[in-house]
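1. fold the stuff below for me.
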Amino acid sequence: MIIYTGLKGDLPVQLHFAAKAEEAGVSAEHLRAEVAWLVEHEFLALDGHVEGVARVWVNSSVAFLPGTDPRVAAARHRFPYFDIAKGGMSAEEPVIIHPYERELWEAVYVAQQDFFENPPVFKRCPAHA
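-> Model (predicted):
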């Protein structure tokens, strides 16, 4: 959450490890390890890491901002598409990971165009604003 809440359009999130780790109540090393796992499993991609600040791209099948085109980040980093298996959490493998294919992301966009262009917006409760 601390990464995708920093999304601004189609730009990468500027992740300052020390500041975000303090905000989350964990060590910077712990946050780096978590980010490394997310990068390894293609939820995120890193694009530069200088003096404790990294540019982080988020896989659009995980999070995106209203009005952004998910195909842009997917193509830039060849992100896979994560899908829910038939049967959901009761399936033997509840998540299906489709390797990056431009045609697949195009089909996903066309099938869910209204959702990508006008997704529901949830407001934070006052306690978390």
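2. show me where this protein has its strands.
-> 13-16, 44-50, 53-58, 81-84, 95-98 (DSSP state E).
3. among those strands, which is the most enclosed?
-> Highest mean neighbour count among the strands of the chain (mean count of other C-beta atoms under 10 Å): strand 53-58, with a mean of 20. From N, CA and C alone the C-beta is placed, and that goes for glycine too.
4. on that earlier part again, reformat the strands of the chain as CSV; add distance to Ser27 and mean pLDDT.
-> Shown next, in CSV, are those (distance: least, C-beta to C-beta, whole Å; pLDDT from 0 to 100):
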stretch, distance to Ser27, mean pLDDT
strand 13-16, 14, 92
strand 44-50, 17, 86
strand 53-58, 16, 92
strand 81-84, 28, 92
strand 95-98, 29, 92
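5. CSV for those, including distance to Trp105?
-> Shown next, in CSV, are these (distance: least, C-beta to C-beta, whole Å):
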stretch, distance to Trp105
strand 13-16, 20
strand 44-50, 15
strand 53-58, 14
strand 81-84, 6
strand 95-98, 9
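6. who wins for proximity to Ile2 among those?
-> Among the strands of the chain, strand 13-16 comes nearest to Ile2, with 8.2 Å by C-beta to C-beta.
7. and the closest one, what does it pack onto?
-> Helices and strands touching strand 13-16, by 3 or more C-beta pairs under 8 Å, 6 or more residues apart in numbering; DSSP states H and E, are strand 53-58.
8. repeat that for 10 Å
-> Secondary-structure packing of strand 13-16 (3 or more C-beta pairs under 10 Å, 6 or more residues apart in numbering; DSSP states H and E): helix 17-24, helix 28-40, strand 44-50, strand 53-58.
9. go through the first one and flag the buried ones.
-> Using 16 or more other C-beta atoms under 10 Å as the burial criterion, the residues of helix 17-24 that qualify are Phe17, Lys20, Ala21.
10. can you pull the contacts of Leu38?
-> By C-beta atoms under 10 Å, 6 or more residues apart in numbering, the contact set of Leu38 is Ile3, Leu44, Ala45, Leu46, Val56, Val58, Asn59, Val62.
11. done for today, thanks.
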